[in-house]
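**Q** next input, structure requested:
(2 chains)
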Number of protein chains: 2
Amino acid sequence: MMNTPLLLSSLIERAERYFPRKLVVSRTHTGIQRIPYAEIAKRTRRLASALEKLGMKKGDRIGSFAWNHHRHLEAYFAVPCRGAVLHMVNIRLSEDHLAYVINHAEDKILLVDVDLVPLIEKIRDRLKTVEHFVIMSDSKTLPETTLYPVSSYEAILNEGDEDYPFLHGLDENAPAAMCYTSATTGYPKGVVYSHRGLYLHSMALGLADNLGVCEQDVAMPVVPMFHVNAWGLPYAAAWFGATQVLPGPSFTPELLAGLIEKEKVTITAGVPTIWIGMLKVLQEKQYDISSLRLIVSGGAASPKGLIRAYEETYKVPFMTGYGMTETSPIVSVASLKSSMKDDTLDQIIETRGKTGLPVPGVEVKVVNEKGEVPWDGKTMGELTVRGPWIADEYYRDNSRHEAFKNGWLFTGDIAVIDEEGYLKITDRTKDLIKSGGEWISSVELENALMSHEAVFEAAVIAVPHPLWQERPLGCVVLKNGYENKVTAQVLKDYLKKQFASWWIPDDIIFVKEIPKTSVGKFLKRALREQLQNHYASAQ
Amino acid sequence: MMNTPLLLSSLIERAERYFPRKLVVSRTHTGIQRIPYAEIAKRTRRLASALEKLGMKKGDRIGSFAWNHHRHLEAYFAVPCRGAVLHMVNIRLSEDHLAYVINHAEDKILLVDVDLVPLIEKIRDRLKTVEHFVIMSDSKTLPETTLYPVSSYEAILNEGDEDYPFLHGLDENAPAAMCYTSATTGYPKGVVYSHRGLYLHSMALGLADNLGVCEQDVAMPVVPMFHVNAWGLPYAAAWFGATQVLPGPSFTPELLAGLIEKEKVTITAGVPTIWIGMLKVLQEKQYDISSLRLIVSGGAASPKGLIRAYEETYKVPFMTGYGMTETSPIVSVASLKSSMKDDTLDQIIETRGKTGLPVPGVEVKVVNEKGEVPWDGKTMGELTVRGPWIADEYYRDNSRHEAFKNGWLFTGDIAVIDEEGYLKITDRTKDLIKSGGEWISSVELENALMSHEAVFEAAVIAVPHPLWQERPLGCVVLKNGYENKVTAQVLKDYLKKQFASWWIPDDIIFVKEIPKTSVGKFLKRALREQLQNHYASAQ
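**A** Below you'll find the model as predicted:
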C-alpha cells in the first residue's frame, strides 16, 4: 500500500475541493460573517504564507489566544499544514500560568483576539520568546495597543498568497498542535498532538458510533477552540464538508439558542454548564431547536435532570462524552446499543449519563491492584487508555510522568464498568477515599447529599483515620433558610437509605462555602489540608 | 502521541469485548447458523492456534477458497492477527489461473469450502507450495477427497486454544491479506493489503459520507469474500459491532430477498447483476425489504432503470460505489450532497448512478495529456488515485508496472468530473477511441446503441484509421426478429440525435455474438484483433 502520510492538509483540501460553497458561519467581535470553504481555504493559504514572512518555520510553535471563529479555524490549518505547531492558549489561565505556558512552549508568534489584547498586554514583559503579535480583528486597521511588534491579521492576509501550497511531504508523526492541561496543582503540562493523531481522531468523529459528523451536518462547537482542539469538531467538520457555526467571543445561552434556530444546527458540543444555561433560556423564551440531532456534553458529568429535559421536552438526543487534554480528547461516548432500542426513557437517560463506550480506535481498561475490574457496575478502578490519539508524554517534561506507564495513560479518573461495557466515572483518584482496603466514591456521596432539599453544595473528602487509613468527611453548605435547622445526623440518615453503612461519612460539618478553582471546580485539596486532623483522635 | 500500530486485531477484539452477543448469521452448506461474536472470537483464536500447529508462521500466505460464511470470517482475522497473510483465492478463475495464483503467492495452507474441493482436486498436482488442505465443512468428519494431507476445519478447531492471543506488536505496514486481479490479459496480478490500509479502509466505511456502517446495522455483504475483502464489510461490521449476514454458497436472488426480510438487513452490497436478479424476484413475489437503508452497487455501472426501481418502488436508497482490487477497494461513493436535498427523483437517480465523490482518505485526479481535466462533466481523462489503502505495486512483479507512476495509481478507467466533483467512469483506457486528437467513449456509444429497440447487444471498438489514427466501429447483435430489418444507416441516424457527428461510428457491422470473458464482460480485445483492418483503405 502507498505510504501516504496522514496529514491535516488532506482535511482542508477536501473541503476546498469538494465543498467550496458550504459555509463557515463565524461570529466575530463585530457581527456574523458567512464565509464559504473556498474562501476559508484561500485565506488559510494566505495566512500560512504571511506567517512565514513573519518568521514561522517548520517546527516553530505559533500561539493562538482566541475564541471560536473563522480566523482561529484558519490558524488551525495554516500553521500545521506548513509544518509548524499551533499552540492553543487557554484564555482562562491565570496571568502566571499564561506567561508560563507561552514561555514553555516558546511561542514565536502570538495570534490574539482583539478583546483579549489587554490580557496579553499585562504579561507582555514576561514573554521571552514571542517575536510578533497578530491581532485578529475584523479590520485591517490596528487597534490601540502596547504590544509590539504587532500586525493586523487582515493586513497580513492581504499581503499573503492565496495559492500557497501546503506541505504534503511531512512525517505524519510530526507535531501539529498543542494544548496545556488546566492544572489544579503545579504548572500546566503540555500535550503535543501529531498530524496522525488528529487525522485519526477526526476520522473517528465521523463514525456513527462516535459523533457521526457528516456533510449533512451543521456543527456548532461551543467547547472553546482554545481547549483540546474544540474536541476535534473544527477538523472533522471541514474534512467532511459540514457547515460549521463558530459562536465567537463571550456568547450567551440566548445567543447559542438563537444560532441553533437560525442556522439549523444539527450537532453541538460543550460542557454541562452551557446546556444548563441554555435550558433556562428555552424555558423562558421560545426557540426552535428541533434541527438538533445531537447535543454532546463532556468535561463533567451531566445531571440526569438535564438529560431528561432535552430528551423528553425537546426530543433532542443528549449524549455524554469523555476525554481529556491528553486524549485529543474523545475516548468514549454514551451512544446507545441497538439492544437498547426498546428501553424506557428512564433507562435511556441512565445510559446517556454514563461515560460511555470506548469509540473505535481507543482501548480502555479499568484497573485496580488486582488487575482489570469485573464488569459489575460496582467495582472501582483507575481508568487507563491506549490508542493512536492518546498522549504518551508531557511536552519537555524531564521526569517520566506517573500518568504514562506500560504503554497506557493513567487518567487519574476512577471508574466502574457495567455488564454492557459502559464506563462510568465515579471519582478522581486523588479524591477517592480508601477505607479499610475498600474504595468509597466521594462524588457519589456528594451527588446524594446535593439531592437533599436543604443542601446547596457538598464536598466529601478523605481524611486520615487511625483505624481505617481514611474515612469520608462531609462538608456541606446549607441553602438559605436551612441554617441550624438540619443536623449532621439527619443528612447521615438520608445517606443511609442509598449506601452501605461503611460508606457513610463519620461526620458532616457545615461550612459557609466550598473553596473552588478558577473554573468553578471544587478545590478539595484545600479542604483536605484544612481538615486533615479531623479524625486524628478517632478509634 | 502513542505509536499504537493500526492492526486488524483491534477490530475483532472490540467485537469480542463490547458486542459479544451480537450475531453473525452464517449460511453454510447445511443451513443457517447464528453465532455470537463472543463465539466467533473464540473460534478465531482456536483457528489461529490450529493453523500454527499446521505450520503457519509470521509472513506465510494462507489461501482461502470459500464463499461468504462465518468460517471465512474467522480466517479473515485469525491469519493476519498472527502475522500471516490471508490470500483470498477467486473461485471463478480458470484452472490455469488458479494454479498460477496459488503457486505465485506460495500458499502454505489452503482452506477450501466443501463444495469447491473438486476444483482444487483437479489442479492438486500443479500446486507446488501447499503443505496442507483444510476443508471448511460443518462436520468434524472429512468428506471423501483425493486432497492430501487434509484436515477438517472443525476438527482442527476442536484442538485449538480459545484464549490464543493475537500479536499486538506487529508493524502496521505488515501484510495482512492479498487478492489477485481478474486479468483480461496475461496472468492475474497480486495486490497485498497491509494492516494499516485495511484498518483505515474499515474506519472509512463507518463514515456517514461513505457507507456509514455502524452498530445499529445488519450488514449483508453479497460481494464475495474471495473478491477484494468483500469490499471491506466483514472487517468494518465486526469492528463496529454490526450484525452480519453471510449468504453462503451458490445463493439465489430469492435467498437474498428472503434473508433481507427475515434478518432485517439494513445495508447490503454487490454487483449490479445481483440487484437486477433480485428486482425480478421482488416483482414476482412479495418480500419485505423495507429494513434496507442502503444498497451499494459496484463493479460495473448501474443502469438507471435499476436505480429507479429501488428508489421509487421500494424506497430504498441505491448507491453506486467505485473501486478495484488495487484500491482495497472503496475509492468513491455516489452519496448525495446536502445541497441536493430538494432534487427531483430524476436528479437523484442521475447522481446515484455516477461513480461518486471520493471518500475521505483518498484523493483522485482525472488527468489527460494537458493535466487535470476541467470539472465540466465532458472532458475525459484517466482516473488516478492516491491514499493509504491504495496499492503502489503488484506482488513480486519485477517490472515496475505502468499503473504506478509518480505516487499515483493509474486505474485504466476513463472518467469525467462534473461541476460538483462527482466522477463518472466513461470507459477503460484500452477501449477508448482516440480520433484526431480527441477522445470518444466506446461505452457511451454502446449504451446508446443498446437502448435501440432492435439491438440486443453492441460493442464499439477502436479500429486503426489512416487519417484519424482511430475511428469507432460498431458491432451489433440484433434481437430475434430484427435480423435484416435494420440497417447500419438507421442505427447511425439514431446515434446522431445524441452525439456530435465525429463520434458516430463510420461503420456498424452485424454479428451473431459479442465474444465475452469468463465473467461475462465484453472481450473487445478479440474484436479489435479480428477487425483491425476494417478501415485500412479508408480516406
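**Q** for the record, mean pLDDT for stretch A:468-479?
**A** Mean pLDDT, computed over stretch A:468-479, is 93.
**Q** kindly export that stretch (C-alpha atoms) in PDB.
**A** What follows is stretch A:468-479 as a C-alpha-only set of coordinates in PDB (Å, rounded to 0.1, in the frame of the first residue of the first chain):
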ATOM      1  CA  TRP A 468      -9.300   2.800  58.600                       C
ATOM      2  CA  GLN A 469      -6.500   4.700  56.900                       C
ATOM      3  CA  GLU A 470      -9.000   7.100  55.500                       C
ATOM      4  CA  ARG A 471     -12.700   7.900  56.300                       C
ATOM      5  CA  PRO A 472     -15.100  10.200  54.400                       C
ATOM      6  CA  LEU A 473     -15.900  13.600  55.900                       C
ATOM      7  CA  GLY A 474     -18.800  15.600  54.500                       C
ATOM      8  CA  CYS A 475     -18.600  19.400  54.100                       C
ATOM      9  CA  VAL A 476     -22.000  20.900  53.500                       C
ATOM     10  CA  VAL A 477     -23.200  24.400  52.600                       C
ATOM     11  CA  LEU A 478     -26.900  24.700  53.500                       C
ATOM     12  CA  LYS A 479     -29.400  26.600  51.500                       C
END
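**Q** what comes up buried for it?
**A** For stretch A:468-479, burial by neighbour count (16 or more other Cβ atoms under 10 Å in any protein chain shown) applies to A:468, A:470, A:471, A:472, A:473, A:474, A:475, A:476, A:477, A:478. (Glycine included, C-beta is placed from N, CA and C.)
**Q** in terms of secondary structure, what does the strand or helix carrying the fifth one contact?
**A** Meaning residue A:473. Using DSSP states H and E, the element containing residue A:473 is strand A:469-478. Counting contacts by 3 or more Cβ pairs under 8 Å, 6 or more residues apart in numbering or on different chains; DSSP states H and E, strand A:469-478 is packed against strand A:433-435, helix A:442-450, strand A:455-465, helix A:488-496, strand A:507-510.
**Q** list the contacts for residue A:469?
**A** Contacts for residue A:469 (Cβ atoms under 8 Å, 6 or more residues apart in numbering or on different chains) come out as A:434, A:435, A:436.
**Q** ranking these by neighbours, who comes first?
**A** residue A:435 (19 neighbours; other Cβ atoms under 10 Å in any protein chain shown).
**Q** near chain B, which residues of the stretch 401-539 of chain A show up?
**A** Residues of the stretch 401-539 of chain A lying close to chain B (Cβ under 8 Å from any Cβ of the partner chain) are A:407, A:409, A:420, A:421.
**Q** endpoints of stretch A:208-217, how far apart?
**A** Terminal residues of stretch A:208-217 are spaced 12 Å apart (Cα to Cα, to the nearest Å).
**Q** still on that earlier bit, need the helices and strands packed on strand A:469-478 in CSV with mean pLDDT and distance to residue A:74, can you?
**A** Conversion of the helices and strands packed on strand A:469-478 to CSV gives the following (pLDDT from 0 to 100; distance: least, Cβ to Cβ, whole Å):
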stretch, mean pLDDT, distance to residue A:74
strand A:433-435, 88, 48
helix A:442-450, 89, 40
strand A:455-465, 92, 42
helix A:488-496, 95, 53
strand A:507-510, 96, 52
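**Q** tell me which strands and helices the lengthiest helix in chain A is in contact with?
**A** Ranked by residue count under DSSP state H, the longest helix found in chain A is helix A:37-53. When contacts are defined as 3+ Cβ pairs under 8 Å, 6+ apart, helix A:37-53 packs onto helix A:9-18, strand A:23-28, helix A:70-78, helix A:153-158.
**Q** of all those, which lies closest to chain B?
**A** If you check each of the helices and strands packed on helix A:37-53 against chain B by Cβ to the nearest Cβ, helix A:9-18 wins as the nearest, at 4.5 Å.
**Q** angle of the closest one against strand A:23-28?
**A** Interaxial angle, helix A:9-18 versus strand A:23-28 (axes from the mean of the first three to the mean of the last three Cα atoms, to 10 degrees): 110 degrees.
**Q** quick one: mean pLDDT over helix A:9-18.
**A** Helix A:9-18 shows a mean pLDDT of 98.
**Q** and if you look at stretch A:327-334?
**A** pLDDT averaged over stretch A:327-334 gives 98.
**Q** cool, stretch A:305-323 as well?
**A** On average, the pLDDT along stretch A:305-323 is 95.
**Q** give the buried residues for that stretch.
**A** Buried residues in stretch A:305-323, defined by neighbour count with 16+ other Cβ under 10 Å: A:306-311, A:314, A:316-323.
**Q** so what's the gap between it and the chain middle?
**A** Centroid separation between stretch A:305-323 and its chain, computed with Cα atoms, centre = their mean, to the nearest Å, is 18 Å.
**Q** that one close to chain B?
**A** No. Shown here: stretch A:305-323 not in contact with chain B (Cβ under 8 Å from any Cβ), separated by at least 13.3 Å.
**Q** thinking again about what came up before, out of the residues of the stretch 401-539 of chain A next to chain B, grab the one that's most surrounded.
**A** Taking other Cβ under 10 Å as the neighbour criterion, residue A:409 ranks highest of these with 24 neighbours.
**Q** where does that one land in three-state SS?
**A** Here residue A:409 is recorded as strand under DSSP: H, G, I helix; E, B strand; the rest coil.
**Q** likewise the one 10 residues further on?
**A** Secondary structure for residue A:419, judged by three-state DSSP, is coil.
**Q** residues in contact with it?
**A** A:375, A:376, A:377.
**Q** try it again with 6 Å
**A** residue A:375 (Cβ atoms under 6 Å, 6 or more residues apart in numbering or on different chains).
**Q** what about it, distance to residue A:358?
**A** To residue A:358, residue A:419 is 16 Å away according to Cβ to Cβ, to the nearest Å.
**Q** same deal with residue A:270?
**A** For residue A:270, the distance to residue A:358 equals 22 Å [Cβ to Cβ].
**Q** what does residue A:240 give?
**A** As judged by Cβ to Cβ, residue A:240 and residue A:358 stand 22 Å apart.
**Q** neighbour count winner among these two?
**A** Taking neighbours as other Cβ under 10 Å, residue A:240 and residue A:358 compare with residue A:240 leading, 29 against 24.
**Q** who touches that one in this structure?
**A** So residue A:240 contacts A:206, A:213, A:214, A:215, B:209 (Cβ under 6 Å, 6+ apart).
**Q** least trustworthy helix or strand in chain A by mean pLDDT?
**A** Least confident helix or strand of chain A, by mean pLDDT, DSSP states H and E, is strand A:438-440 with a mean of 86.
**Q** who does that one pair up with?
**A** According to DSSP bridges, strand A:438-440 forms sheet pairs with strand A:433-435 (antiparallel).
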